[in-house]
Each structure stands twice: as C-alpha cells, then as structure tokens.
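Enquirer: What follows is a predicted protein model with its sequence.
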Amino acid sequence: MKIRKAAISTLAGLACPLVQWSADGTRLICSFESPAEFQRIKTTDSRITRVTQHATDGRYAAQVDFEAADQPKMEIAPQTADFRPFASVALDVVNPSDESLSFAMEVEDASGAKTVARTALPLGARESATFALPLNSPPPLEMGMRGEAALPGFRLLAEDHHAVDTAHIAVIRIYLNKPGKARLMILDNIRLLPAISYEKIVDAYGQSAREEWPGKLTAVSQFQSRRAEEEADLKLRPSLPDRDEYGAWASGPKLEATGFFHAAKHAGQWWLVAPNGRLFFSIGLDCVTTREGGTVVEGRENMFQSLPPADDPLAAHYETAGAATPVGLRDIKFYSGKVFNFYSANLQRKYGADWKRLWQETALARLRAWGVNTIANWSDAALYGNGRVPYTVTLGIRGAAGEVSSGSDYWGRMRDVFDPRFAQAVDDSVRAMAQARRDDPWCVGYFVDNELAWGNMRSERSRYGLALGALSQGAESAAKRAFADQARARYASVERLNEAWGSRFASWDDFLAKPYQPEGEWKPGMREDLAAFMKEFATRYFRTIRDALKKYDPHHLYLGSRFSGYTREEVLVAAEYCDVISFNIYRARVNPAEWSVLDGIDKPVVIGEFHMGALDRGMFHPGLVSTPDQAARAAMYEDYVRSVADHPLFVGCHFFKFNDEPLTGRPRDGENYNIGFTTVTDSVYPELVAAAKAVHGEVYARHSRAH
C-alpha cells in the first residue's frame, strides 16, 4: 500500500520525522529517504543500505543483509516515542530472493515491555507485501474467535498480544530467527495506522464487512443468480467419468461383491471395496451439515451490521449455545449464549421456505459432481442412507466412567477403560445407531470417538502419559488398580518392583494408594511396564468397541478413532482390532518418510481430517495449514490427495470441511477458519472445486500404481 511521504508537519534536522502525517491518516515513522534516518538504526549481525530498487513510494527503500547468526536484527529508535492515537505499526517488505522468507518484529516501550510478532505465512520468493502489527489489540480469544479482525489491505503479523505503553515507545526491532544462512530483505515506509476495530465487522450475510474480493455477495438477488448458475453447471457435469453408482472405479478390477463395504488388498495396495465388488478410494467431506454456521451474538452485538429482529422470518435461525466449559483453549470468551446461524439463514435466502430439502439435494449433487464419494464424519445424519453418496457414521462413547489424564487432554481426558462402567457405556452408545445402519449398503462404516488423548511421541513423558496418569491416581481409580495388578503379576514382591523402577514403595498397598510421578531418568524395567500398561489400555479400548460394533452390526467397517496424537503402542493395537486405522493429518502433504509408526503394519489407513486455508476471500484465519491465496490452496489440495493416493496403505482422505467456519468463531472454541469448499453464502470456491475434480479424476489409476 502506498502512502504520500509529503509531510503536513515535519521538524527539520531530526533523524526520523517527529510527526509526518499522510493524507490517508497514517503517520510515517521512517521513510528511508534521508541518509540521516539511518543514524538512528542499530544493527546486530546485519547491515543496512539505502537502495532505489523496490521503493514502494518515494525514491529509496532500505536493504537489510542478515548474517547467518542466531538472531540477526535491526533496531529503530523512533524520534517520536508517543505513538498515540495510532495503535498499529506497518511496513512494506520485499523478499528479493528465490526462497521464502519469515521474519519477526518487536515493539518495545521505555519500561522494557514488548509485544512480539512473526509472519504467520512466509513471504514467497520475490514476493512483496505490506504487514501490520497491531498494538494492544485484544487477543482474539477474548473476542470469541481464533483469528482476529482484519486491517484491510495488510497482512497481520501473528503476535503475543502483550501490552506496551504506546505513549513511550523505545524500539522497533526486526529480526530473523536462526536463518541458517545469510538472507536479504527490503523494507520501506515504516508507519503507524489506526487500531484494529471490531465494530460492525460482519455484514448482514455473515461476510467480512470491510473487505472486498471476487465472489462477495452484496445483494439478496445474487443468491438466486448464483443458484441458477451452479444448478446449470451441475446438470451439465453431474459426475466424474468412470464412476459407478457408489463413486467406485467403474472400469477397474472387480473383487468379491459382499453387498457391503469391506477392505481388501489387491495387487499390493489396500483398497476399500464397494458392495458391488468395485474398488473404492474414499474421497470425503466432513461436516456436510447446516448446523456448523452458528456464532455467538449475545454480548457481541456491536460486531454485526444487521441481525434479524424477533419478528423476521430469519429469526428462526437463532438458537442458544449451552454454557459448557469451552474446549481446548479454556480462556475463550463468548463461547455460549444466543447464537445466530448466518449459513442456514443464507440458505433460506437462497432456496426459500423449503431450504433444508433443497440444500440437501444441492449438497448431494455437488458431491457427485466434484468426485466426492463419501459423506464423512460430523455430517447431518439426515443424509445417511440417501442412496446417492456413501457415508460414514459418527459415534461417540457417552455415559458414566472414570477418567485418566495423559497430559495431552485438549478435548478432554481419556475414559478409564478398566472401569466396569466403560463396557456398558460402549454398549449403550453403539447399540441404537449400529442396529439402525446394519443393513444399509451405503454405509461405509463407523468412526468411534475422535482425537483422543493418547499422548504423542515427542518425549517419553508424553508417550507414556496415560500410564503416568494412572500412576498419579489413588486406589479409587480402576486404572491404578489395573496397574497394580499388572505389577504384582510381574514382580514377586514390592521390593523387586522397587529394584526394577528405582522406587521406594513400602508395600503393594502403598503403591496402590500413593499418587506416584517418577522423577529423573527412568530405568528400563519401569519403561517396559509403562509400555505394557499402555498396550493393555489400548487393547481394552479398541477390543470393547470392536466387540460392541460387531455384535450389533456385523456388516460394516470399524474405522477407528481418528488419531491426532498417538504412540506406537496404540497404533499397533488399533491395527489388530480395527478394520481400518484412521488418522487426522493436518500437514501440507503426507510424507511417507514421516510415517515410521506404520512400519511393519499391513492394514488399510484412512485420513479422517485435513485442510488448508487462505485469507484472500474475507476470512480472518486460514486454519491449521496456511496458504497465500485460493490458487495456492487449490494446488496444495491436489498435492495432498496425490500424496495419499501414492501410499499403498491409504484407502482415502476426508477434507475438513464442507463449509467455512463462522467469521466470528463457532461456539465453544472460537474456530473461524477458511477451510470450506463453500462460503457462508453457500457459494463455492471455484479454484478448490476445479482442483478437486481434476485430482479426484486420477486417484484410482494413481493408487493402483502406489508402492
């Protein structure tokens, strides 16, 4: 973004202008136009030079050559320490190299307090952009969302939101963290901007009110025109070539037709097999539902330009979110209260009074046309058994049972599988849904639970977190009693246990009653016992669920629990009891070299969740995997699906999710990610849809060559 450097008021002779106002209401801090400005710049392991190339306004910019040090940096001491009334620092940046560039920025006040920020997405090769660091803006979680409101025209740096005294700013610091080799960047126009505002940031349709982009809706009439255009296209191209009624490979090899989906290995690759015997690679979309569009409006009414009054027909899209504790990030605000669902309201605008049925018809037509052959987890159960697109069933274990902490309890603690109530909870949770689906050939199978707190492989403590969690409890814990039984079976006496562990238990009763957390380096015997307990814990979990599913529905696949964190012990047990192992893998692609956890396992694997997002269409957060724009997002989607198809164990991948999350955050956890195939106005992302159709068209031939 260019600004006028002509000052309204400048004090001569200062190294940086004291007050230099531009016509657009910003204040210039350093323009790099005057050699004297460089006198107030300090460098460490770097060198700064005035250059004419890449100046964004005026004649000059600053080239910074960073050395291959731990933290090469430049520091600007602004002549005007009082940044008020402004509350954002912006700068133009050019990356002149052929490699992507990430940098960090700090603003420090006279007391030493500072806020630290970094590039949320690296600056691409030979790319230029304008970045901004808001000062003293509220953390987005305090506003009920993960990604904060936009400063239109600027890339926001990801910051820690620590407060600084904007009346006494001492230093603006720009640096690289361990660049590994010498790097170069060009800076210009370091300036102050107004603060981020949350006032009226959402328009009547749930879109960002202050930004413009291709495809933004500005009138109710556009809903109908978009609908007509898409319906014509869906009729013209209703499905991909070479697909049968299930979305299976019509001209591919035919295996045994069992009447239900099953898994089989063919010519060295694992496949799912459709009821008719055709090879099936599961391409899915999660959350095919209208229920995911709600956002809390109570207490945040000032954020919205227009909300329907109580007597408006669209008032039917209000509901109340329960006051349960927010998940994951416990300090989130505005996670409960009155909710408005902009997405379903827009569906009523688009399809009229019969919007639910017409949306379902459109969704099914879209999936077929896009080459998506699976309605995946978290989707509307009303779409089950639709006779046009296969589906997976979402199940969760509910009911009373004890809990065990693994230390990785983002979504909650693990249920105590040794508690006698666990088996009954599983039976109660599985029975009704499994009996209802047992004879439906369109059902692929069951995902049971999601991203459980198994722990992870980052350290020994996180790997054996569940075992340590059991040890930290007392005799009232079924898991602790099971651990004590295991120890008694292995060791003839508590003295032998103490010798193997380096512990000091006075008796078996002491072991059972006393919460225990091992310190220091672990002995091999204790490590073996922790691993054995983890294996038994996982065995109780997966076997109990497998038995209940097969009891009530012997026909369909047990698709596992969608691992996010996991350890080798649990994955091996899942391979024994699940028909298909499932993982949620949020990365740019699936790299076989990173999947040593599957070494020695010969079992089909499905990815239950992945996504990628961008910020070029009015959303505030790109999700867990960022891309620069929708074109790059589409390209990454293609590459991800190809990387899955190229692995002989993988039998599919499911994208999270069908529709973008609400701009101002969903209730309970505030996620507001650009991760949909469709927008809040039920418009499609054309780049993503085109890429999906292209790559989905090649997955069968590609997977048949996987090795």
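Expert: Nice, thanks for sending it over.
Enquirer: make it CA atoms for all contacts and neighbour counts henceforth
Expert: Noted.
Enquirer: The longest strand seen in the chain pairs with which strands, parallel or anti?
Expert: Criterion DSSP state E: the longest strand present in the chain is strand 183-193. Applying DSSP bridges, strand 183-193 is found paired with strand 27-30 (antiparallel), strand 61-66 (antiparallel), strand 88-94 (antiparallel).
Enquirer: Not counting its own residues, what contacts the second one?
Expert: In other words, strand 61-66. Strand 61-66 has contacts (Cα atoms under 8 Å, 6 or more residues apart in numbering) with 31-33, 45-55, 72-73, 176, 182-189.
Enquirer: one more time with 7 Å
Expert: 32, 45-52, 54-55, 72, 182-188 (Cα atoms under 7 Å, 6 or more residues apart in numbering).
Enquirer: Stretch 653-666 now?
Expert: 144-146, 206-207, 282-288, 292-295, 376, 606-611, 619-620, 671-680.
Enquirer: before we move on, back to that, which of the contacts of strand 61-66 count as buried?
Expert: Buried residues within the contacts of strand 61-66, counting neighbours by 16 or more other Cα atoms under 10 Å: 32, 45-48, 50-51, 54-55, 72, 183-188.
Enquirer: that older thread, now the strands paired with strand 183-193 in CSV, with distance to Tyr516 and mean neighbour count?
Expert: Shown next, in CSV, are the strands paired with strand 183-193 (distance: least, Cα to Cα, whole Å; neighbours: other Cα atoms under 10 Å):
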stretch, distance to Tyr516, mean neighbour count
strand 27-30, 57, 26
strand 61-66, 50, 23
strand 88-94, 50, 23
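Enquirer: Kindly report which one of those strands carries the lowest mean pLDDT.
Expert: Mean pLDDT is lowest for strand 27-30 among the strands paired with strand 183-193, at a mean of 93.
Enquirer: could I get it in PDB with only the CA atoms?
Expert: Output of strand 27-30 as PDB, limited to C-alpha atoms (Å, rounded to 0.1, in the frame of the first residue of the first chain):
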ATOM      1  CA  ARG A  27       1.800   8.600  10.500                       C
ATOM      2  CA  LEU A  28       5.200   8.000   8.900                       C
ATOM      3  CA  ILE A  29       8.000   6.700  11.300                       C
ATOM      4  CA  CYS A  30      10.800   6.100   8.900                       C
END
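Enquirer: could you pull out the strands for the stretch 301-450 of the chain?
Expert: In the stretch 301-450 of the chain, strands defined by DSSP state E, counting those that start in this stretch lie at 318-321, 337-341, 374-375, 391-395, 403-404, 414-415, 443-448, listed in chain order.
Enquirer: Nearest approach to Val430 belongs to which of these?
Expert: In terms of Cα to Cα, the element of the strands of the stretch 301-450 of the chain nearest to Val430 is strand 391-395, at 7.2 Å.
Enquirer: Let's see stretch 198-212 as PDB, backbone CA atoms only.
Expert: The C-alpha trace of stretch 198-212 is given here as PDB (Å, rounded to 0.1, in the frame of the first residue of the first chain):
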ATOM      1  CA  TYR A 198     -14.300  -5.000  16.000                       C
ATOM      2  CA  GLU A 199     -17.100  -2.500  15.400                       C
ATOM      3  CA  LYS A 200     -19.600  -3.700  12.600                       C
ATOM      4  CA  ILE A 201     -17.100  -6.100  11.100                       C
ATOM      5  CA  VAL A 202     -19.800  -8.500   9.900                       C
ATOM      6  CA  ASP A 203     -22.300  -7.700   7.200                       C
ATOM      7  CA  ALA A 204     -25.900  -8.900   7.000                       C
ATOM      8  CA  TYR A 205     -24.800 -12.100   5.300                       C
ATOM      9  CA  GLY A 206     -22.100 -13.100   7.700                       C
ATOM     10  CA  GLN A 207     -19.300 -11.900   5.500                       C
ATOM     11  CA  SER A 208     -16.400  -9.500   6.400                       C
ATOM     12  CA  ALA A 209     -17.900  -6.000   6.000                       C
ATOM     13  CA  ARG A 210     -14.700  -4.100   5.400                       C
ATOM     14  CA  GLU A 211     -13.100  -6.100   2.700                       C
ATOM     15  CA  GLU A 212     -13.800  -6.700  -1.000                       C
END
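Enquirer: Cool, thanks, signing off.
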